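Engineer: any chance you could fold what I've pasted below:
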Amino acid sequence: MTKIVQNGEAVLREVAKEVPGNEIRSPKIAAILGRMKKALDSQEDGVAIAAPQIGELLRIFVVSERTFDVPKKVGERREQKKDINKKYGHLVFINPVVTKISKDKAWLEEGCLSVRYKYGKIERAVKATVAALDENGKKFTRGGSGLLAQIFQHETDHLEGVLFIDKAIDVKDILPKESIKDS
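Structural biologist: Here you go, the predicted model:
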């Protein structure tokens, strides 16, 4: 299994390098994307992961298909959207650039797979747009609001060597329920 790099490891504090266009469809990048997806899928609470989080200093992030399973309303059935997610799978962003963010901001709860069990509040734009390349090297632009906008900002911060704890307030340790039961 691919190890998720934790806070304190230098790769998380470095600026990631762009993926050269001629390497995007290479076996090397395909393998990195596979490792990223596998690492992300191994974490029940993970919604996205950046390449530096698996030790690769490249400008890539992946958004989990599970992100779109989150119910928008209390009581909404998650199953309604699962067929849509299987159609699209994980979203891959190579050499992403945030091209637009809203002036409207909100304080949001945030955590990170590389800063395990720490959570805090961070001010993020409520809408964001990213331009990137997909795993086939095709350019695309994707806008998002709410959780997706938050993910875009969090993951592009990773690519700049910034962790959410650098900007967060009210940071607390919250252990998973299983850990609390076992102690």
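Engineer: pairing partners for the helix or strand containing residue 62, with directions?
Structural biologist: Using DSSP states H and E, residue 62 sits within strand 60-63. Partners of strand 60-63 in the sheet, by DSSP bridges, are strand 48-50 (antiparallel), strand 91-101 (antiparallel).
Engineer: output the longest one as PDB, nothing but the C-alphas.
Structural biologist: Once side chains and other backbone atoms are set aside, the C-alpha atoms of strand 91-101 remain, and they are given as PDB (Å, rounded to 0.1, in the frame of the first residue of the first chain):
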ATOM      1  CA  LEU A  91     -11.200  13.600 -11.100                       C
ATOM      2  CA  VAL A  92      -7.500  14.100 -12.100                       C
ATOM      3  CA  PHE A  93      -5.900  17.500 -12.100                       C
ATOM      4  CA  ILE A  94      -2.400  17.800 -13.700                       C
ATOM      5  CA  ASN A  95      -0.600  21.200 -13.500                       C
ATOM      6  CA  PRO A  96      -3.700  22.800 -12.000                       C
ATOM      7  CA  VAL A  97      -4.100  26.600 -11.700                       C
ATOM      8  CA  VAL A  98      -6.800  28.300  -9.700                       C
ATOM      9  CA  THR A  99      -8.000  30.800 -12.300                       C
ATOM     10  CA  LYS A 100     -10.800  32.400 -10.300                       C
ATOM     11  CA  ILE A 101     -12.100  32.500  -6.700                       C
END
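Engineer: and it, which residues are buried?
Structural biologist: By neighbour count with 16 or more other C-beta atoms under 10 Å, strand 91-101 contains the buried residues 91-96, 98, 101. Where C-beta positions appear, they are placed from N, C-alpha and C, glycine not excepted.
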